[in-house]
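1. next comes the sequence, and after it the predicted model I'd like to discuss.
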Amino acid sequence: MKDWLLRFVRAARAGEPVRGRQIYILPTRYGLLFAVLVVAVFVGAMNYGNNLAFLLAFLLAAIGQIAMHQTWRNLRGLRLSATPMGRVYAGEPARFAVQLEATDGRERPAVQIDGVAGTAVVDCRPGSEASGTLGVPTRSRGRTSLGRLTLSTRYPLGLLRAWSYVDTDAVAIVYPRPAARCDIPADPTYGGAEQGSLGVGADDFVGLRGYRPGDAPSRLDWKTLARERGLHTRQFGGDRADRLWLSFDALAGLDAEQRLAMLCRGVLDAERGARHYGLRLPGEVIEPGNGARHAEQCLIALALFGTRG
């Protein structure tokens, strides 16, 4: 029922300022008690005709009106943005960095940001962004979105609570939970092709290939670069034997998720060992490489395996 009603609520978009019509406000428990106090003082002033009591009642009512305006104004014009943080594996919370900025340059104290399973309270200073961290629980690999956030405040007196909804498009890629160990047999499809050729030694020059991020500077062929033929890397006979192929089909006897967990462990171990490795999945082949960018490409392929349309 609550989710159905939320579809009809006005919500701001991430990166856009919160407008006045997107802010909702209601009294808190203390605000209701304050309202009862104002009414009681006003009724007493009418019964006894006491001018000082009238003055007190109107003064309290004015304080309530000013507090209502200030609470509403504390959210108006805030702009929120969110980005995923670091790697996350299935079963771990996906963490998002959330930034708040006041578009009119005014200070915004005590703004609370509520997510699916986390809360952050920030003070937005003029000329700077306030930041917080929110987590979203994950159970399986794939995409996890931060979803709709709630901005709220009870500033300045706690008599009223103003809130607004912000729809975010921040998405984290959740990688498979890595297996405890990686026991991947040699890929029969690629294993023979990567063992080098007969009669070629490990230190024998066998040719050039295009430069890949992570290649050692000592292997670069600067002569071809000087001839304006692009950046190339020299290959030797031992390079092929050092390559590792991580193949989905080589893990027969395991279900798909177990295979992906094993391959995830293989990627992490190969990255840690600075090895050249490639990934072979049904319908997708990632050529051997190394470095953080290559590892990220392989992990994303594992995370989204079977989920792409």
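-> Happy to help now that I have it.

2. so which residues of the stretch 1-150 of the chain form strands?
-> Taking DSSP state E, counting those that start in this stretch to define them, one finds strands in the stretch 1-150 of the chain at 11-13, 24-27, 78-85, 88-89, 94-102, 108-114, 119-124, 130-136, 142-145, 148-153.

3. save those strands as JSON lines, and put in distance to residue 273 and mean neighbour count too.
-> C-beta coordinates here come from the backbone N, C-alpha and C atoms, glycine included. Formatted as JSON lines, these follow (distance: least, CB to CB, whole Å; neighbours: other CB atoms under 10 Å):
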{"stretch": "strand 11-13", "distance to residue 273": "44", "mean neighbour count": "17"}
{"stretch": "strand 24-27", "distance to residue 273": "55", "mean neighbour count": "15"}
{"stretch": "strand 78-85", "distance to residue 273": "26", "mean neighbour count": "19"}
{"stretch": "strand 88-89", "distance to residue 273": "19", "mean neighbour count": "20"}
{"stretch": "strand 94-102", "distance to residue 273": "27", "mean neighbour count": "21"}
{"stretch": "strand 108-114", "distance to residue 273": "41", "mean neighbour count": "19"}
{"stretch": "strand 119-124", "distance to residue 273": "38", "mean neighbour count": "16"}
{"stretch": "strand 130-136", "distance to residue 273": "31", "mean neighbour count": "19"}
{"stretch": "strand 142-145", "distance to residue 273": "28", "mean neighbour count": "18"}
{"stretch": "strand 148-153", "distance to residue 273": "40", "mean neighbour count": "21"}
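
4. CSV for those strands, including mean pLDDT?
-> Supplementary listing: the strands of the stretch 1-150 of the chain in CSV, determined by pLDDT from 0 to 100:
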stretch, mean pLDDT
strand 11-13, 86
strand 24-27, 95
strand 78-85, 92
strand 88-89, 94
strand 94-102, 92
strand 108-114, 93
strand 119-124, 90
strand 130-136, 91
strand 142-145, 93
strand 148-153, 94
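
5. and of the ones you listed, who's closest to residue 293?
-> Nearest to residue 293 among the strands of the stretch 1-150 of the chain is strand 78-85 (16.6 Å), distances taken as CB to CB.

6. just want the angle from that closest one to strand 148-153.
-> Per axes from the mean of the first three to the mean of the last three CA atoms, to 10 degrees, the angle that strand 78-85 makes with strand 148-153 is 130 degrees.

7. export strand 78-85 to CSV, keeping only CA atoms.
-> Extracted C-alpha coordinates of strand 78-85, given in CSV (Å, rounded to 0.1, in the frame of the first residue of the first chain):
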residue,chain,number,x,y,z
LEU,A,78,19.1,21.4,-2.0
ARG,A,79,20.7,19.4,-4.8
LEU,A,80,21.7,15.7,-4.2
SER,A,81,24.0,13.5,-6.2
ALA,A,82,25.1,9.9,-5.6
THR,A,83,27.9,7.6,-6.9
PRO,A,84,28.9,4.0,-6.1
MET,A,85,32.0,3.4,-4.1
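
8. residues in contact with it?
-> Contact with strand 78-85 is made by 12, 14-18, 94-103, 108, 111, 113, 124, 133-134, 146, 149, 151, 166, 168, 170-173, as judged by CB atoms under 8 Å, 6 or more residues apart in numbering.

9. returning to that earlier point: right, and the strands of the stretch 1-150 of the chain - which one's nearest residue 181?
-> Nearest of the strands of the stretch 1-150 of the chain (CB to CB): strand 88-89, 15.6 Å.
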